[in-house]
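K.L.:
generate coordinates for the sequence data below:
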Amino acid sequence: MDWEELKMSMLEMGFGEVIVREPIEWNTEQMRKYFHGPIRKYFVQEWRNLGVNKTVDDVKYELKKQYGARQDKSVTLKDGRTIIVEELKSTGRYDKKDYKELLLGANIEAIDKFGRGIPEPDKIE
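P.N.:
Prediction:
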């Protein structure tokens, strides 16, 4: 994006803030570690600050339920009919797009609930 495009985007948005930084090149393993480590811990601590006791598993389920990827699953009924139901996809099967949507959703959730976004990722090995 060049300066003119950035300026036009800012004018269209109105009030808000724009953060300009170098792009982060992620792979799914880094994204998985970021979500399962710092992000879940951040949510647990922020909820605790608000007097709500949640575990990292609670946070994982709630974020996945709200923002996580889904997949179709075939279920055979007692009468022999097969139906397709939607279920949450395991984060172990997420691709880059799935993690990106989950992390963007987590950031939106953090802003809505705690008044600030998720912490910037440190160097994740």
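
K.L.:
can you give me the helices in the protein?
P.N.:
Using DSSP state H, the helices of the chain run over 3-13, 28-34, 40-49, 56-67, 96-114.

K.L.:
quick one: low-confidence residue ranges for this protein.
P.N.:
For the chain, the stretches with pLDDT under 70 are 1, 14-24, 122-125.

K.L.:
need the contact list for N107.
P.N.:
N107 sits next to 117-118 when contact means CB atoms under 8 Å, 6 or more residues apart in numbering. Yep, even glycine has a C-beta here, placed from its N, CA and C like the rest.

K.L.:
distance of it relative to Y34?
P.N.:
Using CB to CB, to the nearest Å, one gets 12 Å for the distance from N107 to Y34.

K.L.:
contacting residues for W47?
P.N.:
By CB under 8 Å, 6+ apart, the residues touching W47 are 53-54, 59.

K.L.:
tell me the one among those nearest to G92.
P.N.:
Nearest to G92, judged by CB to CB, of the contacts of W47 is V59 at 17.2 Å.

K.L.:
what's the neighbour count on the closest one?
P.N.:
21 (other CB atoms under 10 Å).

K.L.:
next: A110.
P.N.:
19.

K.L.:
shouldn't it be in contact with P38?
P.N.:
No - using CB atoms under 8 Å, A110 is not in contact with P38; the gap is 11.8 Å.

K.L.:
give the intersection of the neighbour lists for those two.
P.N.:
Common neighbours of A110 and P38, counting by CB under 8 Å, 6+ apart, are I118.

K.L.:
with distance to K78 as added columns, please give the helices of the chain in TSV.
P.N.:
Below are the helices of the chain laid out as TSV (distance: least, CB to CB, whole Å):
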stretch	distance to K78
helix 3-13	54
helix 28-34	38
helix 40-49	38
helix 56-67	28
helix 96-114	33
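
K.L.:
cool, thanks, talk later.
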